[in-house]
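> need coordinates for the below:
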Amino acid sequence: MNKADLIKSIAGKTGNKECICRQMVEAMMETIGEELDKGDEIVLQGFGSFKPWEQTSRTGRNPRTGATCPIEPRTSVKFKAGKGLLQRLNK
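Numbering: from 1, shown residues only. Okay, the predicted model is just below:
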């Protein structure tokens, strides 16, 4: 499922127009991005949590040539599924 499919699904389930659902989905994604950018964790009870984490620098390897190369440190995001989501997936 991609973003457009998600918007259509939400519109069908809520009875709202797709343009309204698109605005809601985009606002949610923007808000989550802003909070992660500030270093805050987002917890959606029963669904899961998103948490920024700092990856350290390390040495990588080019699989084609076998040459080693440095990988710069960066910030990434971890997602941990909530209890409700895990129960739904493992019925």
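
> report the buried residues of the longest helix seen in the chain.
Counting by DSSP state H, the longest helix found in the chain is helix 18-37. Buried residues in helix 18-37, counting neighbours by 16 or more other Cβ atoms under 10 Å, are found at Cys21, Arg22, Leu36. Where C-beta positions appear, they are placed from N, C-alpha and C, glycine not excepted.

> how many other residues sit next to the closest residue to the last one other than its chain neighbours?
Which is Leu36. Counting by Cβ to Cβ, 6 or more residues apart in numbering, Pro52 is the residue found nearest to Leu36 once chain neighbours are left out, at 4.9 Å. Applying other Cβ atoms under 10 Å, we find 16 residues neighbouring Pro52.

> cool, Ile7 as well?
So Ile7, with other Cβ under 10 Å, has 19 neighbours.

> surely it and Val25 touch.
Yes. Taking Cβ atoms under 8 Å as the definition, Ile7 is a contact partner of Val25 at 5.6 Å.

> list residues touching both of those two?
With contacts defined as Cβ atoms under 8 Å, 6 or more residues apart in numbering, no residue is shared by Ile7 and Val25.

> what packs against the following helix or strand past the longest helix of the chain?
Next helix or strand after helix 18-37 toward the C-terminus (DSSP states H and E): strand 42-44. Counting contacts by 3 or more Cβ pairs under 8 Å, 6 or more residues apart in numbering; DSSP states H and E, strand 42-44 packs against helix 18-37, strand 48-55.

> for Lys91, which of the ones you listed is the nearest?
Closest of the helices and strands packed on strand 42-44 to Lys91 is strand 48-55, at 17.4 Å (criterion: Cβ to Cβ).

> what's in contact with that closest one?
Identification of contacts with strand 48-55 by Cβ under 8 Å, 6+ apart yields 32, 36-37, 39-43, 73-82, 85.

> can you give me the neighbour number for Gly12?
11.

> correction: Asp40
13.

> against Thr75, how distant is the residue lying closest to it once chain neighbours are set aside?
Nearest non-adjacent residue to Asp40, counting by Cβ to Cβ, 6+ apart: Pro52, 7.9 Å away. Using Cβ to Cβ, to the nearest Å, we find Pro52 at a distance of 6 Å from Thr75.
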